[in-house]
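Novice: Can you look at this prediction? I've put the sequence above it.
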Amino acid sequence: MTHEPHFDDAHSAGEARRAVREGLGVALATSAYGISFGALAVASGLDVWQTCILSLVMFTGGSQFAFAGIVGAGGVAAAPAAIASAALLGVRNVAYGIRMSPVVGAGFWRRAAAAQFTIDESTAVSLAQESARARTLGFWVTGIGIYVGWNLSTLAGALLGDVLGDPRSYGLDAAAAAAFLALLWPRLRARQPIVVGVAAAVVATVLTPVLMPGVPVIIAAVVAVVVGWTDWLGTDERADAGEPDDVAERGGLP
């Protein structure tokens with residue numbers, strides 16, 4: 001019995017180190033993608049300072065790409081559509097904020113700071129952890145790491161855009177997706193998470209060519225929420241595991 005606290009401390013420290021490693025890894029992969037945004041934004045007509053300020057203030061990759069892409073295609077006249085698309089893509093961060101509120105903790109300044117770092121990657125890394133401390137570390141390490149790296153790579157891409165050519169030829173656009181897949185894959189151990197992932201991916205893929213940017217993401221998120229809320233396939237998973245329903249409802253206690 002005297003060794004249990006030492007075991008718990010070692011286990012907690014291991015989880016914390018893993019959260020930091022995952023956060024830094026995702027930050028590195030996502031930051032590399034910022035070069036693409038810097039080059040694209042300058043090619044779309046923004047100057048270097050406008051590009052950098054957009055990353056510093058907006059700091060949500062999908063919204064930034066949507067804004068720069070629409071402005072590049074339609075010029076200043078397309079600014080209202082660009083703002084609307086960027087705002088729609090940013091709506092998902094509201095849901096992230098609600099989910100991450102218990103992880104961030106109380107306090108006005110803490111939550112105000114966390115709002116800037118509540119993005120896809122910081123939420124994903126945090127929720128992939130098991131303990132409260134590891135979730136908190138994962139959130140802050142990922143969010144701050146990406147903020148610093150993304151803005152530095154945005155500046156590099158904006159300055160070197162003409163030299164780099166088409167940034168997509170380097171495969172940087174796949175870096176962030178690969179990092180997300182690495183986080184998601186270990187969680188796909190049961191039918192319900194697999195169904196949620198497949199359904200959301202299919203919906204987003206089918207609707208992206210026909211709807212304005214941001215809408216397919218929101219609809220895919222709604223599909224995931226509905227599947228989770230109705231616990232679709234959740235009961236079958238308990239039955240397959242040989243766990244009686246009344247025991248599952250009591251949290252596994254006899």
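Specialist: Yes, it's here.
Novice: in what helix or strand does the spatially closest residue to residue 99 that is not a sequence neighbour lie?
Specialist: The spatially closest residue to residue 99, leaving aside those adjacent along the chain, is residue 123, at 6.8 Å (C-beta to C-beta, 6 or more residues apart in numbering). Every C-beta, even on glycine, is put in place using the N, C-alpha and C of the backbone. For residue 123, the host element (DSSP states H and E) is helix 120-127.
Novice: try residue 29
Specialist: Using DSSP H and E, residue 29 falls within helix 4-43.
Novice: what do you get for residue 142?
Specialist: According to DSSP H and E, residue 142 maps onto helix 132-164.
Novice: What's the local residue count around the closest residue to residue 143 other than its chain neighbours?
Specialist: Closest residue in space to residue 143, ignoring its immediate chain neighbours: residue 117 at 2.7 Å, by C-beta to C-beta, 6+ apart. Residues lying near residue 117 (other C-beta atoms under 10 Å) number 21.
Novice: What ranges in the chain fall below the confidence cut-off?
Specialist: Counting by pLDDT under 70, the chain contains low-confidence residues at 1-11, 69, 71-86, 88-90, 162-190, 212-215, 217, 225, 227-254.
Novice: how's it carved up into domains?
Specialist: As recorded under automatic domain parsing, the domains making up the chain are 4-187, 189-254.
Novice: what's the burial count for residue 50?
Specialist: Residue 50 is flanked by 14 other residues according to other C-beta under 10 Å.
Novice: before we move on, what about residue 206?
Specialist: Neighbourhood size, residue 206 [other C-beta under 10 Å]: 13.
Novice: ok, it to residue 219 distance?
Specialist: Residue 206 sits 10 Å away from residue 219, going by C-beta to C-beta, to the nearest Å.
Novice: about what we covered before: how much does the helix holding residue 142 deviate in direction from helix 4-43?
Specialist: Orientation check (axes from the mean of the first three to the mean of the last three C-alpha atoms, to 10 degrees): helix 132-164 against helix 4-43 gives 20 degrees.
Novice: which secondary structure elements does helix 132-164 contact?
Specialist: For helix 132-164, the contact count by 3 or more C-beta pairs under 8 Å, 6 or more residues apart in numbering; DSSP states H and E identifies helix 4-43, helix 48-57, helix 92-104, helix 108-117, helix 120-127 as packing neighbours.
Novice: which one of the ones you listed is the most hemmed in?
Specialist: helix 120-127 (a mean of 24; mean count of other C-beta atoms under 10 Å).
Novice: Any chance you could give me that one in CSV, C-alpha atoms only?
Specialist: What follows is helix 120-127, C-alpha atoms only, in CSV (Å, rounded to 0.1, in the frame of the first residue of the first chain):
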residue,chain,number,x,y,z
ASP,A,120,-9.2,22.3,-33.5
GLU,A,121,-5.8,21.1,-32.6
SER,A,122,-5.6,22.2,-29.0
THR,A,123,-9.1,20.7,-28.3
ALA,A,124,-8.2,17.4,-30.0
VAL,A,125,-4.9,17.0,-28.1
SER,A,126,-6.5,17.9,-24.8
LEU,A,127,-9.5,15.5,-25.1
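Novice: Quick check: which helices or strands does that helix pack against?
Specialist: Contacts defined by 3+ C-beta pairs under 8 Å, 6+ apart place helix 120-127 against helix 4-43, helix 92-104, helix 132-164, helix 175-184.
Novice: Out of those helices, flag the one nearest residue 60.
Specialist: Checking these against residue 60 by C-beta to C-beta gives helix 92-104 as the closest, at 6.4 Å.
Novice: And the residue lying closest to residue 52 once chain neighbours are set aside, how close does it get to residue 224?
Specialist: Excluding its sequence neighbours, the residue lying closest to residue 52 (C-beta to C-beta, 6+ apart) is residue 155, at 5.5 Å. Counting by C-beta to C-beta, the separation of residue 155 from residue 224 is 35 Å.
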